[in-house]
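Visitor: Sequence below, structure please.
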Amino acid sequence: MEQYLKNRIEKVVKSLEKNEIDTLIIKTASEPFIDSIFFYLSGITSGIFEESSLILKEGEVQIITYPLEAEAANESGLKVNVVKSRKEYEELISKMLKGSKKVGINGSALTAENYEWIKNMAKKAKIIDVSKEIEKSKRIKDKKEIEYIKKAALIASNAFNEIKKHIKSGVSENEISAIIEYSMLSNGATGASFTTIVAAGKNSALPHYLPKEVKLKKGEFLLCDYGAKYSRYCSDITRTFAFNPKDKRMKEIYDIVLEAQLEAIKKIKPGMKGKEVHAIAAKIIDETEYKGKFIHGLGHSVGLEVHDGFGINTSSEIVLEEGMVITMEPGIYVPGYGGVRIEDDILVTEAGAKVLTSAPKEWDDILIK
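Guide: Below you'll find the model as predicted:
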């Protein structure tokens, strides 16, 4: 077992001490209900692992899975138990949980069906949701995680030029979405880290809009929010393009959002609370005529999930620490007109913020004439 994996296991074990957890069980269901903690504690980068389990007991991690995932499981260096039937699976889990008094679960990623199943397997043990403790233990990324996130960020950033090349009248949002995902896959991604957002014209004022057959037109914004997965780790980037601007307002909005983002990035340092970082960007926007048009949090953590546990918003008490990876994504949204969002992935370092995504974002970079 590699040292980085030993360190992760030790961190999680320590996080469970307060609740005196003697056994942690991570149970996956069918896609998309595959708990990412399974991969955090195993380090496995391939396979799906539907209906599999990971058990952490007495400082040791074991994997229980079926033959189709056996080879992928063996890359972990952990003890792997391969079962061939549901009956054999349940008998083994019941045996492994025997004698446990307090069994921890990651309730935030557990289906109701699997919760009842664990209760039945654990018999008289008390079931305790330790999702908050686990989330805290993985906030600071190790070197291996940062390596993977950097690669995912590079892959996503490299899609910028492909997007820019294809922005023409008559091209649809769906076509741009396909171009983005093809570019990422061609450059080493295992997939998109979430459903790609491509929003043209007035649709760009809808933060979570999904692409349709809407055609691109001159004089409008094109907002592209997307990310790559690499070795299960995510990136998240947004670039908003100005397609042959029809008025000065487009540049005005864009410049305000860019200023808000750059100022927040510039001032990030360990020890700041999330709400303090959010306030930096929000203040710049709210001092303009677009007060109230920044309608979401400034960012969120990134890791095995694109939203990896905590947010950076008006109420965030999260204290930034060296090794955290977060997004910075201020926006202005004007219903019926359009919106601008600019997003980058940021590594918090002792010296401040290190921007991991590298796609250009100055006005001249996103301007399409």
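Visitor: Note down every partner strand of the helix or strand that Val61 is a member of and its orientation.
Guide: Assignment of secondary structure by DSSP states H and E places Val61 within strand 60-65. Each strand that pairs with strand 60-65, with its direction, by DSSP bridges: strand 53-57 (antiparallel), strand 79-82 (parallel).
Visitor: Tell me which of the ones you listed sits nearest to His300.
Guide: Closest of the strands paired with strand 60-65 to His300 is strand 53-57, at 25.2 Å (criterion: Cβ to Cβ). C-beta here means a position set from N, CA and C on the backbone, and glycine is covered the same way.
Visitor: So what's the gap between the strand holding Val61 and the chain middle?
Guide: 25 Å (Cα atoms, centre = their mean, to the nearest Å).
Visitor: Can you give me the buried ones in it?
Guide: Buried residues in strand 60-65, counted by 16 or more other Cβ atoms under 10 Å: Val61, Gln62, Ile63, Ile64, Thr65.
Visitor: How about the contacts made by the third one?
Guide: Spelled out, it's Ile63. The contact partners of Ile63, by Cβ atoms under 8 Å, 6 or more residues apart in numbering, come to Ser42, Ser52, Ser53, Leu54, Ala73, Ser76, Leu78, Lys79, Val80, Asn81.
Visitor: Is Ala192 in contact with Tyr226, as I believe?
Guide: Yes. Ala192 is within contact range of Tyr226, at 6.4 Å (criterion: Cβ atoms under 8 Å).
Visitor: residue ranges with poor pLDDT in the protein?
Guide: By pLDDT under 70, the chain contains no weakly predicted segment.
Visitor: Could I get the full set of helices for it?
Guide: When secondary structure is read from DSSP state H, the chain shows helices at 3-16, 37-42, 70-74, 86-97, 112-122, 131-137, 143-157, 160-166, 173-186, 248-267, 274-286, 363-366.
Visitor: now those helices in TSV, with mean neighbour count?
Guide: Below are those laid out as TSV (neighbours: other Cβ atoms under 10 Å):
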stretch	mean neighbour count
helix 3-16	16
helix 37-42	24
helix 70-74	16
helix 86-97	15
helix 112-122	15
helix 131-137	18
helix 143-157	21
helix 160-166	17
helix 173-186	19
helix 248-267	18
helix 274-286	20
helix 363-366	14
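Visitor: Now for the residue nearest the centre of the chain: which residues touch it?
Guide: The centroid of the chain falls nearest to Val306 when counting by Cα atoms, centre = their mean (1.1 Å). For Val306, the contacting residues are Ser193, Phe194, Gly227, Cys234, Asp236, by Cβ under 8 Å, 6+ apart.
Visitor: Going through these, which ones are buried?
Guide: The buried subset of the contacts of Val306 - by 16+ other Cβ under 10 Å - is Ser193, Gly227, Cys234, Asp236.
Visitor: which residue packs closest to the second one, ignoring adjacent ones?
Guide: Read that as Gly227. Ser193 (3.7 Å; Cβ to Cβ, 6 or more residues apart in numbering).
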